[in-house]
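Peer 1: build me a model from this:
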Amino acid sequence: MSLTQQRSLTSQQRRLLDALVSYLPTKLDILFEQIGVPDIERGACATYSRLLAQVLGEFGIKAAVRPVYVVTAERIALDYLKGKIGKEEAIRLGGSVQIWGDIKDGQAYQHAVCYIPAWDVIVDLAITRRGSGLVPAHPYWAVRGEFPWWIHDFHFMTYPLVYGGYEREPDKVREAKEFIRYMVRRYIAGWSSG
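Peer 2: Here you go, the predicted model:
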């Protein structure tokens, strides 16, 4: 994050975001039984983002679920994507790229984040290492434009999202919301949502 953008978020806001990204993904993965599920069958990103956006809204922090297109890569592949090395060399060295939110082959490839417009912050609770395991993708929060080093490309998109957890498991949705409320309540006690 740039110094200017760091100053735009309060220390309380940063602590809340850090806590959400540190604790929610594992809790939600366990609750929705996502651990060990193949990547293409997971589809938790839209549900997790909707849960977070709805609960933040209950506390006066306006948030929205946004479909996105994201390209992640490990260092060798980043060199290729930046034109520093050729494709053959990147392949020979084991370069790996992952694409999220490319739905041209179907909705199974959608990806969604929770976006907090007033803070210009993206919260991605469901991005993980996939396939080769080489790209160090993990849940994060970031001020828009100040992403983790392994994100090469990020764009908000307009495609429709499917919220599988809401449709299949309403009891788990209620339980997840209670846990998120508990977390948010702990971190925002005594401060304005801004």
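Peer 1: hey, let's count contacts and neighbours off CA atoms from now on
Peer 2: Fine.
Peer 1: which strand in the protein runs the most residues?
Peer 2: If you go by DSSP state E, the chain has its longest strand at strand 64-73.
Peer 1: and Val162, what does it touch?
Peer 2: By C-alpha atoms under 8 Å, 6 or more residues apart in numbering, the residues touching Val162 are 46, 107.
Peer 1: can I take it that it is in a helix?
Peer 2: No. Assessed with DSSP: H, G, I helix; E, B strand; the rest coil, Val162 is coil; it does not lie in a helix.
Peer 1: apart from its chain neighbours, what residue comes closest to the residue sitting nearest the centre point of the chain?
Peer 2: A centroid search over the chain (C-alpha atoms, centre = their mean) returns Asp124, at 1.2 Å, as the residue closest to the centre. Using C-alpha to C-alpha, 6 or more residues apart in numbering and skipping residues adjacent in sequence, the residue nearest Asp124 is Val113, 4.9 Å away.
Peer 1: got it, and Lys87?
Peer 2: In space, and not counting its chain neighbours, Lys87 is closest to Tyr80: 6.3 Å by C-alpha to C-alpha, 6+ apart.
Peer 1: looks like the one you found contacts Glu88 (just checking).
Peer 2: No. Look at Tyr80 against Glu88 with C-alpha atoms under 8 Å: they stay out of range, at 9.3 Å.
Peer 1: who's more crowded, those two?
Peer 2: Neighbours of Tyr80 and Glu88, each counted by other C-alpha atoms under 10 Å, are more numerous for Tyr80; the result is 20 against 11.
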